[in-house]
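**Student:** Sequence and computational prediction follow.
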Amino acid sequence: MQDSKKAMNLNIGTTIKTIRKSLNMTQKELADKLNISAQQIHKYESGVDDISLNKVYQIAKIFHCDVSILIGNNYNNDKKNLMVAEKKDELDYFENIKNSNNNTSNDNDNAVFLLKKYFSLKKNDRLKVIDFLNNITKK
């Protein structure tokens, strides 16, 4: 039992480290956002200390990813990096929309809502949405 717990801690820690680095975030930056020490982040990432589900949830929010990415074994590092990069691109895009001077606040809210829904879809479903939009906007 102890070995499986240690393996789980290491898996979560490795995932946190991989995603943190892909976001160009230091241990100190992540620690500051969590109000803990950089040393504690190091302990989580190396699997030395247990990490509470609450901390995993907080880290997932900071990384803008689902908790399952941090705790699951069903994603390899390339997929994790890709998903985090997509989320980062989404957030950048949302920020650009919010800061646009050409749209009303309501337009911005609607656009962000639609984009969030779009990015929550699986890739195959995203393609269906694009096909649908192409079909209805043909003149």
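**Tutor:** Right, received. Where do you want to start? These figures come from a predicted structure and were not determined experimentally.
**Student:** how close does the residue nearest to Tyr57 when sequence neighbours are not counted get to Thr26?
**Tutor:** Distances taken as C-beta to C-beta, 6 or more residues apart in numbering put Val67 closest to Tyr57, at 5.8 Å, once the chain neighbours are dropped. Any C-beta I mention is one placed from the backbone N, CA and C, and that applies to glycine too. For Val67, the distance to Thr26 equals 22 Å [C-beta to C-beta, to the nearest Å].
**Student:** For the helix or strand where Lys128 lies, name the packing helices and strands.
**Tutor:** Assessed by DSSP states H and E, Lys128 sits inside helix 123-136. Counting contacts by 3 or more C-beta pairs under 8 Å, 6 or more residues apart in numbering; DSSP states H and E, helix 123-136 is packed against helix 105-120.
**Student:** hmm, 6 Å instead?
**Tutor:** Here helix 123-136 touches no other helix or strand, going by 3 or more C-beta pairs under 6 Å, 6 or more residues apart in numbering; DSSP states H and E.
**Student:** Which positions within it qualify as buried?
**Tutor:** Within helix 123-136, no residue is scored as buried using 16 or more other C-beta atoms under 10 Å.
**Student:** Could you do stretch 19-29 as well?
**Tutor:** So stretch 19-29, judged by 16+ other C-beta under 10 Å, has buried residues Ile19, Arg20, Ser22, Leu23, Gln27.
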